[in-house]
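Q: Have a look; sequence and predicted model below, questions after that.
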Amino acid sequence: MSHMDKIDESGGQMESRADERSSYLRGGIASVVLTVIAVLAVVSDVLPDWAAWTTIAVAGILQAVAQLHWFLHIRLHGQAWEDLQLIFFTILILVLMVGGTIWVMGDLTARMM
Amino acid sequence: MSQARHPGLKLGHEHDPGSGEVEALVFGFWIFMMSDLLIFGCVFATYVVMLPQVADGPSAAELFHLRGPLIETTLLLASSVTIGFALLETKHRADKRRTTLWLAVTFLLGAGFLFSSTHSLLGHLENGAGPSRSAFLSAYWLLVPLHALHVAIGCLWIAVAAAQVRIRGFDWVTTGGLLRLSIYWHFLDIVWIGILSVVYLGAMI
């Protein structure tokens, strides 16, 4: 079991300081770009509602993935796999609980109208 | 159980626990972080369900403006990068001065976030949009201040971690603590993406 890798390396090898520094900068730039895309989708007012919602959702999910990748150094291979399993399981529970709650309560609200 | 070596972290004092034990502590912290994420998930679900229940009070579209949240987004994102830089100085140089300097920058960015967040919350309160106004506002006042509370605790933790580094230097307690602190801080930023998207951008549509 090896868990420092999320910070240290992906697959057992230490990244150089410059590599890690650029990893944080890349994550920062990707986050800025995705935030700007999401804000423009809403503020520009040219997209229909469903397209604006989709853009926000996709940009938000991509940004979360970008930060897990570049800030927390979670990778698909190497030692971060156990952490990734934990994250996938949490996402499964989140989808069930959040999705289920919104579905059931939304349906209830619609029937009460 | 193999490959339990961390060349960057100076964990090797003879009376210190092995790096495997430190890894177990970090993995345990990941489990805590994931359960914290589940709490936020439930509060998000509550917010979305309560969104239409405004009880003739102000709705999300009437109440929220993008300026404050975008300032807060910038501050928190910048702080996520600077805490990464603090960790770099710890790992690659074991440089006390630079580590505490980047931690101080992160602390100030976090404090700026809290200032901006408190300012807009107080503004809502003055406009009669307190937590007791409607179910929607109760859910809002649960979600956003809960995140701000996490940031406040994170700021306190940064101050403690910086003091520990100054006093103790880099041993397994302080480096392991910095590692957990950075995981905590990065997750606050990820939760904030959700708040910006669902609460503030969602209100503009």
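A: Done, it's in.
Q: what about the residue nearest to B:Tyr140 when sequence neighbours are not counted, neighbour count?
A: Leaving aside its sequence neighbours, B:Tyr140 sits nearest to B:Tyr47 (Cβ to Cβ, 6 or more residues apart in numbering or on different chains; 6.6 Å). Yep, even glycine has a C-beta here, placed from its N, CA and C like the rest. For B:Tyr47, the count of nearby residues is 23 (other Cβ atoms under 10 Å in any protein chain shown).
Q: One more: B:Glu126?
A: B:Glu126: 9 surrounding residues under other Cβ under 10 Å.
Q: For it, give me the pLDDT.
A: At B:Glu126, the model reports a pLDDT of 93.
Q: what do you get for A:Gly12?
A: Note for A:Gly12: predicted pLDDT of 39.
Q: again with B:His15
A: Residue-level confidence at B:His15 comes out at 50, pLDDT.
Q: Show me the strands in chain A, by range?
A: Assigned by DSSP state E, the strands in chain A number zero.
Q: For it, just list every one of the helices.
A: For chain A, the helices identified by DSSP state H occupy A:5-8, A:17-43, A:49-70, A:81-94, A:100-112, in order along the chain.
Q: got CSV for those, with distance to B:Leu101 and mean pLDDT too?
A: Converted to CSV, the helices of chain A look like this (distance: least, Cβ to Cβ, whole Å; pLDDT from 0 to 100):
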stretch, distance to B:Leu101, mean pLDDT
helix A:5-8, 19, 43
helix A:17-43, 15, 92
helix A:49-70, 22, 94
helix A:81-94, 29, 90
helix A:100-112, 44, 92
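Q: Could you identify which of those helices is most buried?
A: When the helices of chain A are scored by mean count of other Cβ atoms under 10 Å in any protein chain shown, the highest mean neighbour count falls to helix A:5-8 (a mean of 25).
Q: Make sure B:Gly202 is actually in contact with A:Ala57.
A: No. In this structure, B:Gly202 sits apart from A:Ala57 without contact. The criterion is Cβ atoms under 8 Å, and the distance is 9.9 Å.
Q: Turn the helices of chain A into TSV, including distance to B:Ser120.
A: Putting the helices of chain A into TSV (distance: least, Cβ to Cβ, whole Å) gives the following:
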stretch	distance to B:Ser120
helix A:5-8	33
helix A:17-43	17
helix A:49-70	20
helix A:81-94	27
helix A:100-112	26
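Q: follow-up on the earlier one: wait, the residue nearest to B:Tyr140 touches B:Leu137, no?
A: No. No contact is recorded between B:Tyr47 and B:Leu137 when judged using Cβ under 8 Å, the distance being 10.4 Å.
Q: one step back: now do the host helix or strand of the residue nearest to B:Tyr140 and helix A:100-112, the angle between them.
A: Assignment of secondary structure by DSSP states H and E places B:Tyr47 within helix B:19-50. For helix B:19-50 against helix A:100-112, the angle between stretch directions is 10 degrees (axes from the mean of the first three to the mean of the last three Cα atoms, to 10 degrees).
Q: C-terminal to helix B:19-50, what's the next element?
A: Defined by DSSP H and E, the subsequent element after helix B:19-50 is helix B:60-63.
Q: Now that following helix - C-alpha only, PDB.
A: Extracted as PDB, the C-alpha positions of helix B:60-63 are listed here (Å, rounded to 0.1, in the frame of the first residue of the first chain):
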ATOM      1  CA  ALA B  60     -31.800  32.700  -6.500                       C
ATOM      2  CA  ALA B  61     -31.900  34.800  -9.700                       C
ATOM      3  CA  GLU B  62     -32.900  37.900  -7.800                       C
ATOM      4  CA  LEU B  63     -30.400  37.500  -5.000                       C
END
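Q: For B:Gly130, grab phi and psi.
A: phi -80, psi 180 (degrees, to the nearest 10).
Q: ignore the last one, B:Leu51
A: Backbone dihedrals for B:Leu51, given as degrees, to the nearest 10, come out at phi -50, psi -40.
Q: tally of neighbours for it?
A: For B:Leu51, the count of nearby residues is 20 (other Cβ under 10 Å).
Q: B:Glu89 is in contact with B:Leu178, correct?
A: No. Counting by Cβ under 8 Å, no contact exists between B:Leu178 and B:Glu89, whose distance comes to 9.9 Å.
Q: per-residue confidence averaged over the helix holding B:Tyr47?
A: Throughout helix B:19-50, pLDDT has a mean value of 90.
Q: Quick check: buried residues in that helix?
A: Residues of helix B:19-50 classed as buried under the neighbour-count rule (16 or more other Cβ atoms under 10 Å in any protein chain shown) are B:19, B:22-23, B:25-27, B:29-30, B:33-34, B:37, B:40-41, B:43-50.
Q: For B:Ala203, which residues are in contact?
A: Going by Cβ atoms under 8 Å, 6 or more residues apart in numbering or on different chains, B:Ala203 touches B:Ala60, B:Ala61, B:Leu63, B:Phe64.
Q: One more pass at 6 Å, please.
A: Going by Cβ atoms under 6 Å, 6 or more residues apart in numbering or on different chains, B:Ala203 touches B:Ala60, B:Ala61, B:Phe64.
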